[in-house]
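Engineer: Sequence and predicted structure, then a few things I'm wondering about:
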There are 2 protein chains.
Amino acid sequence: MGQRPITFLRQVVALCTYPNLLDSPSFPEDAKKRARRILQDCGGNSLGSYSASQGINCIREDVAAYIERRDGGVPADPDNIYLTTGASDGITTILKILVSGGGKSRTGVMIPIPQYPLYSAVISELNAIQVNYYLDEENCWALYVNELRRSLNEAKAYCNPKVLCIINPGNPTGQVQSRKCIEDVIHFAWEEKLFLLADEVYQDNVYSEGCQFHSFKKILYEMGPEYYNNVELASFHSTSKGYMGECGYRGGYMEVINLHPEIKGQLVKLLSVRICPPVSGQAAMDIVVNPPVPGEESYSQFIKEKESVLNNLAKKAKLTEDMFNTVPGINCNPLQGALYAFPRIFIPSKAIEEAKAHKMAPDMFYCMKLLEETGICVVPGSGFGQREGTYHFRMTVLPPVEKLKILLEKLKDFHIKFLEKYA
Amino acid sequence: MGQRPITFLRQVVALCTYPNLLDSPSFPEDAKKRARRILQDCGGNSLGSYSASQGINCIREDVAAYIERRDGGVPADPDNIYLTTGASDGITTILKILVSGGGKSRTGVMIPIPQYPLYSAVISELNAIQVNYYLDEENCWALYVNELRRSLNEAKAYCNPKVLCIINPGNPTGQVQSRKCIEDVIHFAWEEKLFLLADEVYQDNVYSEGCQFHSFKKILYEMGPEYYNNVELASFHSTSKGYMGECGYRGGYMEVINLHPEIKGQLVKLLSVRICPPVSGQAAMDIVVNPPVPGEESYSQFIKEKESVLNNLAKKAKLTEDMFNTVPGINCNPLQGALYAFPRIFIPSKAIEEAKAHKMAPDMFYCMKLLEETGICVVPGSGFGQREGTYHFRMTVLPPVEKLKILLEKLKDFHIKFLEKYA
């Protein structure tokens, strides 16, 4: 999509990969310093050695220090940090350890609808029960505790709900949760003794005025010891999103607090089956949590690159939202954060009938037509879940601005013709 | 353990990581050529992009070409190649897709004893049934079909055995299977309609005179179409062993043949949940299957480094075997391949009693004493499985020769004192 890698991150990973480069004058000293620090904590000073299953020590320390800075001093313990193969691996592993039982005691896992399909896939793989709670599209995809309570109470009749998954900023919905919302969710989890799973991989991707990322960990801490000492919480981050976009490195971490020591033992055992996360991905994660600071040689370039990506994304998010809302039959909530638009589309009943005749979900039918007629590929809302009778698609805002404009124009033309055709 | 990385592999991965280096005169042209080829097949020419879940196209092509060369021209289809996060990930995924059912129809998975504990861990995680067949220690850990048949027939009474796992060269046992043995196993799998899972990650690690690695795929092909068109086979390889030892990159592949197209669809679906294997690991795998060839600039250094590692390992394997067999109460089969010795140790009955008093397996007790008294850490045989009443430990032959000699001397002294103490 034309987004360039962050130079500093790649420099450090290249130095770690081929340490002969540590003598090269074409690499900055601060990158060399980072690389030496990582290598000294690797077996044989090499990215090629297995690391501990939980991840390289100094990187877990850097993650803990990052969390403390991010959360205004709320303490973070490196021992609660687990480096993972992207966030997906962490989410899968935590769910694996929480799911158990059969029949009515099968574990229920509460997930938002719309959701990111990793959740439904893993829940199904683990033979757990997917318990849906709906985000409120009319209120910018807000999460209300009434809806959590409805969902939980209904689920108790047929399973044992133990986990509450939150995605903030939202994927595919792009909302950023308010402080009040997070407090309500934490209180609810505390009351109902639910394990909180906070997918916070878009924590750097917040664009709208007045919106701010609040970590569940920070709010939990600020709510006082009754909450902080009791609510079990896992939070996830990744190298794949933010301003880095280093998806291929499969870097990530999770912070898990208040886990019972015995369960923690089981978690480490489970992690050790897959031996260790990719060490180059661990190194990439280190740079995300330990970037250049003011006074360091690479700082100005780093900040320039980082802000360029984030400002660009903010611009594209606004452009996409504005454009969609000029199209009759498309309604798009503000893209407050993350990397996606999830507009609601009106699909005429004639098109719904034709979709049924093709044994396709109406929004899948719409997306296939869009693909065939324009070459634009978006994902139908039915892949993420949506309220019965509503239709959406998910689109990333990643293409370069000029391309995105053309794409949105084409999409608009397609939609208008689609409405006409099936009127 | 002092083993140096293969320069060429690291050069290519560094070039892929930080493509500015493609202009640097300090990297050889053949490494640049490899890096450009990999990058042109990466999204946005970047290791940071997600790849297809099955892995990067050109790397799967290189894997197929490697297999064809290795197997003397037996055809390999890139479409049957799946790049994985180390071999562990491939083995786990294949087992996941093969395991099903409950009660008496629970899937049985046949594994060698001694085994590599990944198998027992995954079988237990998947709620499948571990079906043990014993390797014959008296005959250099050979595998006999009679024993497979005994094991299978007994298992049929309580589960549905569907998978036969083979580790060749053996981990932890270090034997290299003969052509005859492999033919017998394939015939047995064909007869019993078992899915063959061939863990061949030590295919480059063969040391003994007269021993040779034969891939299951090659022998299957040579047994004719009745076998080749029917036996389902998955074979695994990795960047972590051989002469590369690049464990931290979590690179690997599997070749899966005769998989039913519907099951293949499910496999790709399952793989896509974890999105893609680490792309830098995929790049490292590429160099393992597509190393410098005669005439290329890096060839002589590559061959020198490769042979130095392998000759060294062969020397250390022989040294270890010879040394162990001079110690009263230790018997060690020839280390034909892989990276381990798995000697049988005599533990006196007084020591067994003391172990029981400490609620420890006798070989665990032995290994803990060894660790406490010498600082040497080896893994008790009970972690791998062994015939009732026999005791072993697993030790790698990776330490540098001089260190290994000291280590073996210390181990010898410890063992003799241990025998005296508990006589």
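Structural biologist: Received it, and whenever you're ready, just let me know what you need. Since the structure is predicted, the reported quantities are computational estimates derived from the model, not experimental observations. Numbers count the residues shown, from 1 in each chain, chains lettered A, B, ... in the order given.
Engineer: What are the contacting residues of the helix or strand of chain A with the lowest mean pLDDT?
Structural biologist: The helix or strand of chain A with the poorest confidence is helix A:261-273; it has a mean of 91 (mean pLDDT, DSSP states H and E). Residues outside helix A:261-273 that contact it (C-beta atoms under 8 Å, 6 or more residues apart in numbering or on different chains) are A:53-54, A:82, A:93-94, A:96-97, A:256, A:259, B:88, B:92, B:118, B:121-122, B:125. Using the backbone N, CA and C atoms, a C-beta is placed for each residue, glycine as well.
Engineer: Among the residues you listed, name the ones in helices.
Structural biologist: A:93-94, A:96-97, B:88, B:92, B:118, B:121-122, B:125 (DSSP state H).
Engineer: I'd like those residues written out as JSON lines, with pLDDT added.
Structural biologist: Formatted as JSON lines, the ones in helices among the contacts of helix A:261-273 follow (pLDDT from 0 to 100):
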{"residue": "A:93", "pLDDT": "95"}
{"residue": "A:94", "pLDDT": "96"}
{"residue": "A:96", "pLDDT": "93"}
{"residue": "A:97", "pLDDT": "93"}
{"residue": "B:88", "pLDDT": "93"}
{"residue": "B:92", "pLDDT": "94"}
{"residue": "B:118", "pLDDT": "94"}
{"residue": "B:121", "pLDDT": "93"}
{"residue": "B:122", "pLDDT": "94"}
{"residue": "B:125", "pLDDT": "89"}
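Engineer: Quick check: the farthest pair among the residues you listed?
Structural biologist: A:94 and B:118 (20.9 Å; C-beta to C-beta).
Engineer: out of these two, which sits in the busier spot?
Structural biologist: residue A:94 (25 against 22; other C-beta atoms under 10 Å in any protein chain shown).
Engineer: Tell me which residues touch that one, please.
Structural biologist: A:197, A:234, A:254, A:256, A:267.
Engineer: can you redo those residues as a markdown table with neighbour count?
Structural biologist: Listed next are the contacts of residue A:94 as a markdown table, based on neighbours: other C-beta atoms under 10 Å in any protein chain shown:
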| residue | neighbour count |
| --- | --- |
| A:197 | 28 |
| A:234 | 29 |
| A:254 | 26 |
| A:256 | 23 |
| A:267 | 22 |
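Engineer: which among the residues you listed gets closest to residue B:9?
Structural biologist: residue A:254 (30.5 Å).
Engineer: Quick check: beta-bridge partners of the closest one?
Structural biologist: residue A:82, residue A:236 (DSSP bridges).
Engineer: hang on, it packs against residue A:84?
Structural biologist: Yes. Residue A:254 lies in contact with residue A:84 (C-beta atoms under 8 Å); the separation is 5.9 Å.
Engineer: Which among the ones in helices among the contacts of helix A:261-273 count as buried?
Structural biologist: Among those, those buried by neighbour count (16 or more other C-beta atoms under 10 Å in any protein chain shown) are A:93-94, A:96-97, B:88, B:92, B:118, B:121-122.
Engineer: Pull out the buried positions in stretch A:188-208.
Structural biologist: A:188-190, A:192, A:194-208.
Engineer: Among those residues, which ones are in strands?
Structural biologist: Using DSSP state E, the members of the buried residues of stretch A:188-208 that fall in strands are A:195-199.
Engineer: which residues touch residue A:111?
Structural biologist: A:119-120, A:123, A:130-133, A:165 are the contacts of residue A:111 under C-beta under 8 Å, 6+ apart.
Engineer: Now narrow those residues to whatever sits close to chain B.
Structural biologist: The subset of these within reach of chain B, counting by C-beta under 8 Å from any C-beta of the partner chain, is empty.
Engineer: next one: phi and psi at the nearest residue to residue A:312 once chain neighbours are set aside?
Structural biologist: Leaving aside its chain neighbours, residue A:312 sits nearest to residue A:401 (7.1 Å; criterion: C-beta to C-beta, 6 or more residues apart in numbering or on different chains). For residue A:401, the backbone dihedrals (degrees, to the nearest 10) come out as phi -50, psi -50.
Engineer: Can you give me the neighbour number for residue A:401?
Structural biologist: 13.
Engineer: okay, it: pLDDT?
Structural biologist: Residue A:401 is assigned a predicted lDDT (pLDDT) of 94.
Engineer: ok, now how distant is it from residue A:377?
Structural biologist: Using C-beta to C-beta, to the nearest Å, residue A:401 is found at 19 Å from residue A:377.
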